[in-house]
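>>> Generate coordinates for the sequence data below:
(one chain, ligands or ions: 1)
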Amino acid sequence: MVKLGVNIDHVATVRQARGISEPDPVNAAVLAELGGADGITVHLREDHRHIQERDVRLLQETIKTRLNLELALAPEILDFALQIKPYAATFVPEKREELTTEGGLDVIGHRLKLEPVVKKFQDAGIVVSLFIDPDLDQIEAAASIGAQFIEIHTGRYCDAQSEDDLKKEFSLIDLACITASNLGLRINAGHGLNYRNVIPIANLPGLEELNIGHSIIGHAIFVGLERAVREMKALLP
Ligand code: PXP
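Sure, this is the predicted structure:
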């Protein structure tokens, strides 16, 4: 069964818009789990625009599934993550002005910085995943620095504007999965997935987990979070 990690950042986005304590992502995690989430994912950004340290601390203490913390190579965030010891850490690139994570991590370019961090997290018992584009050189680099997982960036597939583009982006992801499996990497995927485009990705061979946020939280505004998660889970093989 393909696992579903529910990204609840946008519950915190709504809270931060008012600067008060509600809605609380900790409550959201309970409902997501009741709806069948296999894990809870949050991104502690360096600019703290949505998720705060307090959220991560409480989620790690209270969730019944597994916490996947997304983070960039920022020293204070790395130190905090090592204190919290989430189940998994997914390394992502971060730019201050972006609306959301725009591209995959450049593992080749950041290899010297990344390799010791991957080791440090693994020595602390944290599973390490690298969020990368479906690019064969980046996949090889991820394997060579010893990451257990990659998370394949599905954004370009989700943004495809024509049937041809969609096919092209899908085959890149398909090839990325085959290559990653052959290199012994385990595979997650995510970004931009919704109730309409998720099925082909969910059925890729070797795929273990999808991380989905925006579409689930958006749908939850209309149907409630528990049902929104259950409906997404029902689409996964
Ligand atoms: N995976 C990663 C690494 C991400 O950065 C994000 C967005 O925070 C997601 C998955 C979820 O993307 P979306 O909100 O578009 O479902």
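
>>> Quickly find the element holding the residue nearest the centre of the chain.
In the chain, the C-alpha closest to the average C-alpha coordinate belongs to Asn211, at a distance of 4.6 Å (Cα atoms, centre = their mean). Using DSSP states H and E, the element containing Asn211 is strand 207-212.

>>> Likewise for Ile216?
For Ile216, the element it lies in under DSSP H and E is helix 214-223.

>>> tell me the average confidence for that helix?
Taken as a whole, helix 214-223 carries a mean pLDDT of 98.

>>> from the middle of its chain, how far away would it be?
With Cα atoms, centre = their mean, to the nearest Å as the basis, helix 214-223 stands 17 Å off its chain's centre.

>>> Going by neighbour count, which residues of that helix are buried?
Of all the residues in helix 214-223, those buried under the rule 16 or more other Cβ atoms under 10 Å are His214, Ser215, Ile216, Ile217, His219, Ala220. Every C-beta, even on glycine, is put in place using the N, C-alpha and C of the backbone.

>>> so how far is the ligand from Phe80?
18 Å (Cβ to the nearest ligand atom, to the nearest Å).

>>> In contact with that residue, which residues?
Residues counted as contacts of Phe80 (Cβ atoms under 8 Å, 6 or more residues apart in numbering) are Leu44, Glu53, Val56.

>>> For the first one, which non-adjacent residue is closest in space?
In space, Leu44 comes closest to Ile51 once its chain neighbours are excluded; the distance is 5.2 Å by Cβ to Cβ, 6 or more residues apart in numbering.

>>> Just the pLDDT for the residue sitting furthest away from the middle of the chain.
Distance from the centre of the chain peaks at Asp164, with 26.7 Å (Cα atoms, centre = their mean). pLDDT, Asp164: 97.
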